[in-house]
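K.L.:
Need coordinates for the following:
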Amino acid sequence: MIITRTPFRVTLGGGGTDLPSYYQHHGGFIFAMGIDKFMYVVINPPCIDSMIRLHYTQSEAVFHVSELRHELAREALKYHGINERMEISSLADLPAGTGVGSSSAYLVGLLLALGSYRRDYIPLSQLAEIACDIEINVLNKGIGKQDQYMAAYGGLTALEIAPNGTVTVKPMALGSGAIADLVAHTHIYYTGFRRDAVEMLTDQHQAMVDQTAPHHQVVAESLHRIKDLGYRIQEAILGEDLPVWGQLLDEHWRYKKQMSKRISLTKVDQIYAEVRENYHVLGGKIIGAGGGGFLMLYCDRGHKQLEKFMADQHMPRLHYTIEPEGTKVVADFSPGAALAFHGAV
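P.N.:
Numbering: from 1, shown residues only. The predicted structure follows:
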């Protein structure tokens, strides 16, 4: 039995510029943090049974990998050349469809677990690229590259994405006191709404691909501004100028909402206007592609009052901190494990 643990991520700036339809023309930039909420993947090859058994929100039992309905598990097994005789289960600290990169965290964690089972060391950069290739090229999902890389690396991290798709990973250093201040002032609340990231990104992707589309110029200009804001947000956070981070967060949200009417929700917009006016919130945005999931708010004072107001709206606060590590093997009980490499560094 092998167990991997992979962090979820929260995008701080640059979201959307990691899609091929944007970075292939302009280059992309993401500034994000891995958080201490995780996807756990457990694999265990059965001693006798030759079937593949998969447990997630559903259960599957098939004789060959090609029969699996779960696309990510199927392609991860195929990549490692495992066609039968494997049991896979997953558990997550946060629900799927909430904008924190759960699908990519599952895929990266599973790829690491299967690689460990086969005793194949895969560097983090290669692990992230394999996951990107599976999701973007093999499965043709209209998503970007940040989720896979943040799942692999975690931490407070900047991703520079070249037009050819090459990703340069830049871990960012921030003192423990500054991290504590950032986390204390940057609240995260669960809206209770869930959505499909691919569906949410469709409008942006189509507008960027078709330059004759009516919305193309608006989306392109919004992404240019969001990319620039990503750099400015990174500078503000690393410079420990948190009020500026809060103000930039509001600007980021305003540009993001211009890309699609589906990115925000009427209830969320109403709550955001209320907390901006009465609860010392300088800025905020829905995490991820939009449409639900988690709402991030920067509050410079009166934290308890904001938390109570949000609880009254049935939006509980998520308590978190920055997770410095990316995906890793946390337990390996397979034969010969004591002599093998146990994780990715």
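
K.L.:
ok, Ile134 - contacts?
P.N.:
Leu72, Glu75, Ala76, Tyr79, Leu107 (C-beta atoms under 8 Å, 6 or more residues apart in numbering). Bear in mind the C-beta positions are built from the backbone N, C-alpha and C, glycine included.

K.L.:
Can you pull the domain assignment for the chain?
P.N.:
2-174+323-339, 176-312 (automatic domain parsing).

K.L.:
Please, where are all the strands along the stretch 51-200 of the chain?
P.N.:
Under the criterion DSSP state E, counting those that start in this stretch, the stretch 51-200 of the chain contains strands at 52-55, 59-62, 86-92, 156-161, 167-171, 186-190.

K.L.:
Pretty sure Leu114 sits against Ile82.
P.N.:
Yes. Here Leu114 reaches Ile82: they are 6.5 Å apart, a contact under C-beta atoms under 8 Å.

K.L.:
Filter the contacts of Ile134 down to the buried ones, PyMOL style.
P.N.:
Per 16 or more other C-beta atoms under 10 Å, the buried members of the contacts of Ile134 correspond to this PyMOL selection:
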select buried, resi 72+75+76+79+107
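
K.L.:
Mind checking which of the contacts of Ile134 are in helices?
P.N.:
Leu72, Glu75, Ala76, Tyr79, Leu107 (DSSP state H).

K.L.:
Could you pull up the contacting residues of the first one?
P.N.:
Meaning Leu72. By C-beta under 8 Å, 6+ apart, the contact set of Leu72 is Ser103, Tyr106, Leu107, Leu110, Ile134, Glu135, Leu139.

K.L.:
Could you check which helix or strand contains Ser21?
P.N.:
Assigned by DSSP states H and E, Ser21 belongs to helix 20-26.

K.L.:
which ones are touching the closest residue to Val62 other than its chain neighbours?
P.N.:
In this structure, Val62 finds its nearest non-sequential neighbour in Ile52, 5.2 Å apart by C-beta to C-beta, 6 or more residues apart in numbering. Each residue near Ile52 by C-beta under 8 Å, 6+ apart is listed here: 60-65, 67-68, 77, 84-88.

K.L.:
Repeat that for Ile130.
P.N.:
Contacts of Ile130 by C-beta under 8 Å, 6+ apart are Tyr79, Leu111, Ile122.
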